[in-house]
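K.L.:
quick check, what structure comes out for this input:
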Amino acid sequence: MLKLLNKSPHQRFWCGDKKGFTLIEMIIVVSISVVIIAIIVNAYIASTRVFQQETGRADIWLEGNHSLEVMSKEIMKSRKIINAGNQSLSLWLEDLNLDNTSEANEIISYSLQGGNLMRTSSIDTTILSGHATNLNFSYDQPLNPSLVTIDLTLSDGQLLSTFEVKAKLRNF
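P.N.:
Numbers count the residues shown, from 1 in each chain. Next comes the predicted model:
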């Protein structure tokens, strides 16, 4: 049984045969616990930041690769380049009515408009990328190109990624 005794402030809280903790020991334990919790919280915050940055980097990479894949496949499928500019490209994609003439519903275009990489056809306009900062087309021959090089730069505000692909038209 515990007995209440008059003891000095430096002695243990518990009386009798049981040993207890002094106030100083409790303060030390609480201080160490607070430091450990602060370290864990800082590590969590740092890992969350790294995760968000890597997720942003992966999103930009996927967006850039998807955009170039769509453009290169359509360039390789196209029958002819209609307009070969440095910042835009128009293609005769397919001959739908089989008359060997290009018509508006058979032409697609790629261009950069206000940070968006656009794919335009007579039916609709699609945004291939919403983070585009630069789009450049270059050609092996200026008058009758058979090989198109696409340079695309994407940015999410912090990260700048540049992509390049070469696509050859199908009849060359």
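K.L.:
now the end-to-end length of stretch 94-108.
P.N.:
Distance between the two ends of stretch 94-108: 10 Å, counting by Cα to Cα, to the nearest Å.
K.L.:
ok now that stretch, how far from the chain's centre?
P.N.:
Relative to the centre of its chain, stretch 94-108 is centred 36 Å away, using Cα atoms, centre = their mean, to the nearest Å.
K.L.:
what mean pLDDT does it get?
P.N.:
The pLDDT scores in stretch 94-108 average 82.
K.L.:
with stretch 75-86 instead?
P.N.:
88.
K.L.:
list the buried residues of that stretch.
P.N.:
Neighbour counts over stretch 75-86 (16 or more other Cβ atoms under 10 Å) mark Ile75, Ser78, Arg79, Ile81, Ile82, Ala84 as buried. For the C-beta atoms, the positions are set from N, CA and C on the backbone; glycine is no exception.
K.L.:
with stretch 139-150 instead?
P.N.:
Neighbour-count burial for stretch 139-150 [16+ other Cβ under 10 Å]: Tyr139, Pro145, Val148, Ile150.
K.L.:
dig out what the nearest residue to the second one once chain neighbours are set aside forms beta bridges with.
P.N.:
Same thing as Pro145. Closest residue to Pro145 apart from its sequence neighbours, by Cβ to Cβ, 6 or more residues apart in numbering: Tyr139 at 3.6 Å. Residues in a beta bridge with Tyr139, per DSSP bridges, are Val148.
K.L.:
please consider this matter closed, and thank you.
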